[in-house]
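Peer 1: Structure for this input, please:
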Amino acid sequence: MSSSPQSPSAPNSLAEPEPSPQSSALTIEMVGLDVIPESDRKGKPSDLFMPWFAANISVLGISWGAWVLGFGISFWQAVIASVIGVVFSFLVCGVIAIAGKRGSAPTLVLSRAAFGHDGNRISALISWILTVGWETFLCIMAVQAAATVMGALGVGNHVAAQIVALILVVAIAAGSGVLGFDTIMRVQTWITWATAILTVIYLALVLPSVDWSVVSAIPAGPTTAVIGALCMLLAGFGFGWINAAADYSRYLPRTSSTSGVVFWTTVGSALPTLVVVISGLLLVGSDADLGEAINLDPIGALTTILPTWFLTPFALVAILGLIGGIVMDIYSSGLSLLATGVPIVRPVATGIDGTIMLVGTIAVVFFAPDFITPFNGFLTTLGVVIAGWGGVMIADILLRHGDYNEPDLFRRHGVYGSVNRGAVASLLIATIVGWGLVVNTNASWLSWQGYLLGPLGGREGAWAYSNIGILLAMVVGFLGYLLTSRGRVRAQERQGARAFEQGPASSPTRTAPSSQER
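Peer 2: Sure, this is the predicted structure:
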């Protein structure tokens with residue numbers, strides 16, 4: 001789903017100053033799964049606001065308003081579901097970001113403490129699939145938005161418009177991801193200011209069309225529908241970022257405020273999201289036809305309520321907002337790929353993910369007859385898995401009181417062990433329970449889901465579309481880890497503390513083992 005911690009070469013508060021900022025702008029960051037040295041940890045928690053804001057200030061959020069109301073609920077029910085779903089999902093990101101400050105390593109390295117060195121490869125694979133899927137989705141939306149706007153401005157060749165848009169989006173997003181934190185920080189700062197200003201103008205132009213009498217007359221729906229909308233928002237927003245939440249707090253000093261890390265991550269993400277989603281509720285609630293159009297073209301439909309003169313600025317709003325999300329996803333997906341054990345350097349991993357994103361976007365934009373339906377299936381199915389993983393991680397972070405034993409994060413025979421069967425079992429059970437309580441009727445290849453809904457009325461009952469399995473998967477993962485791993489964490493912290501007191505490994509300048517040691 002994110003100003004951001006940066007690479008040691010970035011000329012700002014989070015990094016060592018460089019004599020020539022101009023020359024460092026295009027420096028490729030080679031830091032991969034490494035622990036960030038103490039001397040390079042700089043900045044303050046409020047610096048997290050800018051990148052998280054940039055990743056979530058997207059007019060696509062307006063389209064989510066249509067999908068929330070699509071559950072057949074009233075405006076106020078939709079607002080309640082949106083506030084709870086968005087804030088809670090990003091609060092989870094904030095909690096997991098604590099690990100970054102404590103361990104100064106990527107999220108999928110820090111999760112080795114919970115799952116074990118080798119058990120964590122499952123986490124890394126899940127995370128990689130999720131982030132590549134999201135970056136591909138955002139790239140598709142950006143290309144479609146750009147092509148639609150070009151068509152509205154008079155570009156007659158739609159395919160040519162799509163090709164131009166694809167080249168620009170992939171070049172900016174993948175290029176930033178390959179270059180690393182320094183470039184990401186610069187790009188996200190520009191995107192934040194540009195999209196914030198243009199989004200305000202967009203809302204000023206379209207909100208006068210809101211008809212409150214129509215919005216307030218939307219009938220209320222059942223509680224199960226409200227829960228369904230809430231669970232969709234959980235999976236669609238914060239839960240889509242939790243596997244990368246610590247990637248951007250790892251450059252902060254250990255002395256940084258823990259509550260500050262949680263607060264600024266949550267606020268930076270939730271604030272722009274709520275503004276655009278609630279605006280979407282008002283617009284779609286006033287015009288049911290707009291909601292139908294959004295289902296066919298989530299971004300292009302939003303141009304139909306704009307004056308022609310604002311179409312070009314709108315293109316900037318839509319595309320830059322989506323690129324902001326792609327940039328963060330593609331950086332984190334590269335780190336996830338490294339965490340699976342693939343023996344490559346970070347820029348190459350990011351380049352591989354960018355290539356997959358490119359191929360996936362081409363396949364959907366130019367050849368696929370439908371996209372939203374399979375995406376919804378992807379969102380729900382992986383939403384369950386990542387929710388269970390998030391429950392395990394939250395429990396692990398709350399159980400720990402000290403910093404991580406950094407060298408042992410890279411050793412299968414270190415304090416964190418090779419495999420934590422309790423964590424793996426908790427994730428597995430959470431996934432089984434979660435998949436049994438969700439349905440994807442529009443995706444035939446997922447018709448096997450919902451196998452636990454019998455006592456609740458079956459796949460056609462009132463609870464079928466609540467997708468409560470996403471929320472319960474997190475609860476099961478959380479409780480399962482508490483039950484199976486509380487003693488393990490305590491033993492790790494005692495053993496880790498002794499290790500820190502012995503020999504040169506306790507030096508503040510210690511680093512993670514080399515690839516040969518691992």
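Peer 1: Run through the strands of the stretch 51-200 of the chain in chain order.
Peer 2: Secondary structure of the stretch 51-200 of the chain (DSSP state E, counting those that start in this stretch): no strands present.
Peer 1: show me where it has helices.
Peer 2: For the stretch 51-200 of the chain, the helices identified by DSSP state H, counting those that start in this stretch occupy 60-69, 75-103, 107-110, 112-115, 120-152, 158-179, 181-206, in order along the chain.
Peer 1: quick one: the longest one to helix 60-69, angle?
Peer 2: Okay, so that is helix 120-152. Using axes from the mean of the first three to the mean of the last three Cα atoms, to 10 degrees, one finds that helix 120-152 and helix 60-69 are set 100 degrees apart in direction.
Peer 1: Backbone dihedrals for F237, please?
Peer 2: For F237, the backbone dihedrals are phi -120, psi -100 (criterion: degrees, to the nearest 10).
Peer 1: Next, work out how far apart it and V392 are.
Peer 2: F237 is 20 Å from V392, where distance means Cβ to Cβ, to the nearest Å. For glycine as for every other residue, the C-beta is placed from the backbone atoms N, C-alpha and C.
Peer 1: neighbour-wise, which of those two wins?
Peer 2: Set F237 next to V392 and count neighbours by other Cβ atoms under 10 Å: V392 wins out with 29 against 26.
Peer 1: ok and the helix or strand containing that one relative to helix 60-69, angle-wise?
Peer 2: Assessed by DSSP states H and E, V392 sits inside helix 372-399. Relative orientation of helix 372-399 with respect to helix 60-69: 100 degrees, computed using the same axes, to 10 degrees.
Peer 1: Output the contacting helices and strands for helix 372-399.
Peer 2: Packed against helix 372-399 by the contact rule (3 or more Cβ pairs under 8 Å, 6 or more residues apart in numbering; DSSP states H and E) you find helix 75-103, helix 112-115, helix 120-152, helix 223-236, helix 421-436, helix 468-500.
Peer 1: quick check, distance from the third one to the centre of its chain.
Peer 2: Spelled out, that is helix 120-152. Per Cα atoms, centre = their mean, to the nearest Å, the displacement of helix 120-152 from the mean C-alpha position of its chain is 11 Å.
Peer 1: That one versus helix 421-436: what angle between them?
Peer 2: In this structure, helix 120-152 runs at an angle of 40 degrees to helix 421-436, with the same axes, to 10 degrees as the basis.
Peer 1: Enumerate the positions of helix 120-152 that are buried.
Peer 2: 120-152 (16 or more other Cβ atoms under 10 Å).
Peer 1: can you give me the mean pLDDT across that helix?
Peer 2: Throughout helix 120-152, pLDDT has a mean value of 85.
Peer 1: Next, the angle from it to helix 223-236.
Peer 2: Between the axes of helix 120-152 and helix 223-236, defined by the same axes, to 10 degrees, the angle is 100 degrees.
Peer 1: Kindly report the same for the fifth one.
Peer 2: Compare the direction of helix 421-436 with that of helix 223-236 by the same axes, to 10 degrees and you get 130 degrees.
Peer 1: Quick one: work out the angle between helix 421-436 and helix 468-500.
Peer 2: Helix 421-436 and helix 468-500 meet at an angle of 170 degrees, taking the same axes, to 10 degrees as the criterion.
Peer 1: I'd like to know which of the helices of the stretch 51-200 of the chain lies nearest to L479.
Peer 2: The closest of the helices of the stretch 51-200 of the chain to L479 is helix 112-115. By Cβ to Cβ, the value is 14.3 Å.
Peer 1: which helices and strands does the closest one pack with?
Peer 2: On the basis of 3+ Cβ pairs under 8 Å, 6+ apart, helix 112-115 makes packing contacts with helix 120-152, helix 372-399, helix 421-436, helix 468-500.
Peer 1: As JSON lines, these with distance to T355 would be great.
Peer 2: Written out in JSON lines, the entries for the helices and strands packed on helix 112-115 read as follows (distance: least, Cβ to Cβ, whole Å):
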{"stretch": "helix 120-152", "distance to T355": "10"}
{"stretch": "helix 372-399", "distance to T355": "19"}
{"stretch": "helix 421-436", "distance to T355": "29"}
{"stretch": "helix 468-500", "distance to T355": "30"}
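Peer 1: Name the stretch from the ones you listed that approaches W52 most closely.
Peer 2: Using Cβ to Cβ as the measure, helix 120-152 is the one of the helices and strands packed on helix 112-115 that comes nearest W52, at 15.0 Å.
Peer 1: Does anything pack onto that closest one? Which helices or strands?
Peer 2: Under the contact rule (3+ Cβ pairs under 8 Å, 6+ apart), helix 120-152 is packed against helix 107-110, helix 112-115, helix 158-179, helix 311-339, helix 346-367, helix 372-399, helix 421-436.
Peer 1: Please work out which of these is packed deepest.
Peer 2: Most buried of those, by mean neighbour count (mean count of other Cβ atoms under 10 Å): helix 112-115, with a mean of 31.
Peer 1: Could the C-alpha coordinates of it be exported in PDB?
Peer 2: These are the backbone C-alpha positions of helix 112-115, laid out as PDB (Å, rounded to 0.1, in the frame of the first residue of the first chain):
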ATOM      1  CA  ARG A 112      12.500 -15.100  10.300                       C
ATOM      2  CA  ALA A 113      12.300 -14.400  14.000                       C
ATOM      3  CA  ALA A 114       8.700 -15.700  14.000                       C
ATOM      4  CA  PHE A 115       8.900 -18.500  11.400                       C
END
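Peer 1: Show residues contacting it.
Peer 2: Contacts with helix 112-115, where a contact means Cβ atoms under 8 Å, 6 or more residues apart in numbering, come from 103, 120, 122-123, 392-393, 396, 400, 404, 409, 416, 419-420, 423-424, 427, 481, 485, 492.
Peer 1: how about a cut-off of 7 Å?
Peer 2: Applying Cβ atoms under 7 Å, 6 or more residues apart in numbering, the set of residues contacting helix 112-115 from outside is N120, I122, S123, V392, M393, D396, Y404, L409, Y416, N420, A423, V424.
Peer 1: now do stretch 384-397
Peer 2: Contacting residues not belonging to stretch 384-397 are listed as 92, 95-96, 98-99, 111, 113-114, 123, 126, 130, 239, 242-243, 423, 426-427, 430-431, 434-435, 438, 469-470, 473-478, 481-482, 489 [Cβ under 7 Å, 6+ apart].
Peer 1: could you check the distance from W212 over to L252?
Peer 2: As judged by Cβ to Cβ, W212 and L252 stand 44 Å apart.
Peer 1: who has more neighbours, these two?
Peer 2: A count of neighbours by other Cβ under 10 Å puts L252 above the other of W212 and L252, at 26 against 11.
Peer 1: So T224 sits against G461, correct?
Peer 2: No: contact status for T224 versus G461: not in contact, 8.8 Å apart, counting by Cβ atoms under 7 Å.
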